[in-house]
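Novice: Show me how the following folds:
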Amino acid sequence: MKTLRVLHSLNELRPSGAEVMLRSAAAQWKEHGAEADVLAVAPDIGPFATDLRAVGYDVAHEKNAPWWLVPFRFRRRVKAGRYDVVHLHDETLNFWLALAAYSAGAKVVSTVHNVFPLRGKARAKRIVQRAILRAMGTVHVAVSEDVANNERLRFGNTARVVDNWYDPAFTPPTPEERARARAALGLGEHDVVAVSVGNCSSVKRHDTVLAAMADPAGAPGLVYLHLGQEDEACEERRLAEELGVADRVRFLGARHPLEALHAADVFVMPSVHEGLGIAAVEALATGLPAVFADAPGLRSLAAASPAAVLTDVAPEHLARALAEAAVRPAAVQGQQATAAMRSRFGMARGVAEHVEIYRRLLAS
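Specialist: Below you'll find the predicted structure:
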């Protein structure tokens, strides 16, 4: 069977969903007869390039300015690399990079990683571009049912669902691993701990967790582990100070989340919308109960796990949901949740589905 040459094109490489999945799947591509390279089309290559190189990817960088020259440079790169398939993971210049890939003789797969709430001219533009690419043979992939539904209803686009996958390193902790994780993070034996994983942005709504901590309905003394890159103004730190909860919030920065997940009692993701929150899947795979905002991209994930609950993010409601989830007996429920995660979001399944799409495209 011919070895497939695949180029994954992303924006700046950061520890977010697509990049984390690529890192965990590095060895899997070869098992399925594919060679995968990574390209960052962005002003800077990004901090996660080192992680991807460390697991064996050939990682390159293409500046995305001036934008009208990028497709020509992209075409030369695709042609020189003799790529069979270009897999686009970013919406920036998506349409133009797809045309450049076709002109270089490659097939195109475009993954939609989020529920894009576009309106007006932006929506009309996306409808036309999606239709042209479909007519040229592009396969659009959605990372969840919610994303596929948004593509169909908002853009008239048909997308095949291939659920995100997670690294099999995310497993429930042994009592010894949990004790070590809590000690390493300076947590007391009886501390009730919530954790979120995600870079600061208005879409992630971490401010609602801080407001919930200050609400009387919350668990007394709740400790919040915040993993992810903060914004330059550190607005969430300032809000924690204003609400009087700063002494119970640990801003841990961008780091591997496994230790914090092993130390925590409940995972929280209050986002406005998600594609399919890979951080949430990882948390459920470790056996944690989870509290999600009742939002697109999280509803379908909550339906897949008995350990997840949906809530609105009003402070008293989120506070109550966190308090109840953190003390919920999790032994049986955690086992059911981790089994559900392995079955639906396993890495081998996701990689195999993508390679099947690549081979069908080449055979068509």
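
Novice: all strands for this protein, in order.
Specialist: Ranges of strands in the chain, per DSSP state E, are 4-10, 34-41, 59-62, 85-88, 107-112, 139-142, 160-161, 193-197, 223-227, 249-253, 266-269, 290-293, 308-311.

Novice: Give me the contacts around the third one.
Specialist: By CB atoms under 8 Å, 6 or more residues apart in numbering, the list of residues contacting strand 59-62 from outside reads 13, 37-42, 44-45, 49, 52-53, 70, 73-74, 77. Every residue, glycine included, has its C-beta placed from N, CA and C.

Novice: what about the helices in the stretch 251-364 of the chain?
Specialist: For the stretch 251-364 of the chain, the helices defined by DSSP state H, counting those that start in this stretch cover 258-263, 278-285, 299-303, 315-326, 331-345, 347-363.

Novice: okay, now residue 168: neighbour count?
Specialist: Around residue 168 there are 12 other residues, counting by other CB atoms under 10 Å.

Novice: do residue 249 as well
Specialist: Neighbours of residue 249 (other CB under 10 Å): 23.

Novice: Next: residue 151.
Specialist: For residue 151, the neighbour count with other CB under 10 Å is 21.

Novice: hmm, back to that, could you identify which of the strands of the chain is most buried?
Specialist: strand 266-269 (a mean of 28; mean count of other CB atoms under 10 Å).

Novice: Please identify which pair of the contacts of strand 59-62 lies farthest apart.
Specialist: The distance between the two most remote of those (CB to CB) is 22.6 Å, for 53 and 70.

Novice: So if I had to pick from these two, which one is more boxed in?
Specialist: Comparing residue 53 with residue 70 by neighbour count (other CB under 10 Å), the higher total belongs to residue 70, at 19 against 13.

Novice: separation between the closest residue to that one other than its chain neighbours and residue 102?
Specialist: Leaving aside its chain neighbours, residue 70 sits nearest to residue 64 (5.5 Å; criterion: CB to CB, 6 or more residues apart in numbering). Distance check for residue 64 against residue 102: by CB to CB, to the nearest Å, it reads 19 Å.

Novice: same check, this time on residue 49
Specialist: In terms of CB to CB, residue 49 sits 27 Å off from residue 102.

Novice: my guess is the residue nearest to residue 70 contacts residue 44, does it?
Specialist: No. Using CB atoms under 8 Å, residue 64 is not in contact with residue 44, being 10.1 Å away.

Novice: out of these two, which sits in the busier spot?
Specialist: Looking at residue 64 and residue 44 with other CB under 10 Å, you find the greater number of neighbours at residue 64, namely 20 against 12.

Novice: got the CA coordinates for stretch 205-224 in PDB?
Specialist: Provided in PDB are the C-alpha atoms of stretch 205-224 (Å, rounded to 0.1, in the frame of the first residue of the first chain):
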ATOM      1  CA  ARG A 205     -15.600  32.500  30.500                       C
ATOM      2  CA  HIS A 206     -13.200  31.700  33.300                       C
ATOM      3  CA  ASP A 207     -14.600  34.800  35.100                       C
ATOM      4  CA  THR A 208     -17.800  32.900  35.800                       C
ATOM      5  CA  VAL A 209     -15.800  30.300  37.800                       C
ATOM      6  CA  LEU A 210     -14.300  33.200  39.900                       C
ATOM      7  CA  ALA A 211     -17.800  34.700  40.400                       C
ATOM      8  CA  ALA A 212     -19.100  31.300  41.400                       C
ATOM      9  CA  MET A 213     -16.400  30.900  44.000                       C
ATOM     10  CA  ALA A 214     -17.500  34.100  45.600                       C
ATOM     11  CA  ASP A 215     -21.200  33.100  45.700                       C
ATOM     12  CA  PRO A 216     -22.700  31.800  49.000                       C
ATOM     13  CA  ALA A 217     -24.100  28.700  47.200                       C
ATOM     14  CA  GLY A 218     -20.600  27.500  46.500                       C
ATOM     15  CA  ALA A 219     -18.500  24.900  48.300                       C
ATOM     16  CA  PRO A 220     -16.800  26.700  51.200                       C
ATOM     17  CA  GLY A 221     -13.100  27.100  50.600                       C
ATOM     18  CA  LEU A 222     -13.200  25.800  47.000                       C
ATOM     19  CA  VAL A 223      -9.700  25.900  45.400                       C
ATOM     20  CA  TYR A 224      -9.500  26.600  41.700                       C
END
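
Novice: Need the contact partners of that stretch.
Specialist: Contacts for stretch 205-224 (CB under 8 Å, 6+ apart): 187, 191-196, 198, 200, 226, 236, 239-240, 243-245, 248-250, 268, 270-272, 293, 313, 315-316, 318-320, 322-323, 326-327.

Novice: who are the neighbours in contact with the nearest residue to residue 102 once chain neighbours are set aside?
Specialist: Distances taken as CB to CB, 6+ apart place residue 136 nearest to residue 102, at 6.0 Å, with adjacent residues excluded. Neighbour list for residue 136: 98, 102, 108 [criterion: CB under 8 Å, 6+ apart].
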